[in-house]
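Visitor: Requesting a structural model of the entry that follows:
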Amino acid sequence: MVAARARLLVAALWAGSLWTIGYVVAPTLFLSLNDNVLAGTIVGFLLRTEAWLCIGCAVVLRFLVMFSPMEKERKRTLYILIVAMTLCAIVIYVGLQPAMANLKEAAGAAGLKGTPDGRTFGILHGASQLVYLVESVLAGVLLAKMR
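Guide: Model (predicted):
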């Protein structure tokens, strides 16, 4: 009973943090700050923190599931969800965010608007949003399967 509640709590923390940062905090920053560069910097920092939280939740959930008395098939499903969500976080944190940061740094004060690198940035940003959306949907599935 306690283990089941702990699993649900960690899954809820993971899902809730994803949803809050991605769909409440980030849009609010871009809408409320007059400086999109500043908003992007803050959101980037929050997403790096989110990636580490995701990895931590994944490790804890992996062990909570491993030592839980549940059916083999259910464990397998939960493992697949945990791994898929972790891969999403890693793709964003290790692949897409650094590439976007490099483009922004290379542009300097001139910015990316209207440049070929700006187009590349837009494509990487869109890919990042898509992967984040996939992770967010998987989080909902994980919560449903935890019960």
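
Visitor: quick one: buried residues of stretch 17-35?
Guide: With burial defined by 16 or more other CB atoms under 10 Å, the residues of stretch 17-35 counted as buried are Ser17, Leu18, Ile21, Gly22, Val25, Ala26, Leu29. From N, CA and C alone the C-beta is placed, and that goes for glycine too.

Visitor: OK, contacts around the last one?
Guide: Right, the one you point to is Leu29. Under the criterion of CB atoms under 8 Å, 6 or more residues apart in numbering, the contact partners of Leu29 comprise Ala39, Ile42, Val43.

Visitor: same deal with the fourth one?
Guide: Listed by CB under 8 Å, 6+ apart, the contact set of Gly22 reads Tyr132, Ser136.

Visitor: quick one: it and Ser128, what's the gap?
Guide: 10 Å (CB to CB, to the nearest Å).

Visitor: Flag every buried residue along the helix-or-strand element of the chain with minimal mean pLDDT.
Guide: Ranking every helix and strand in the chain by mean pLDDT, DSSP states H and E puts helix 97-107 at the bottom, with a mean of 87. Residues of helix 97-107 classed as buried: Gln97, Ala99, Met100, Leu103, Lys104 (neighbour count, 16+ other CB under 10 Å).
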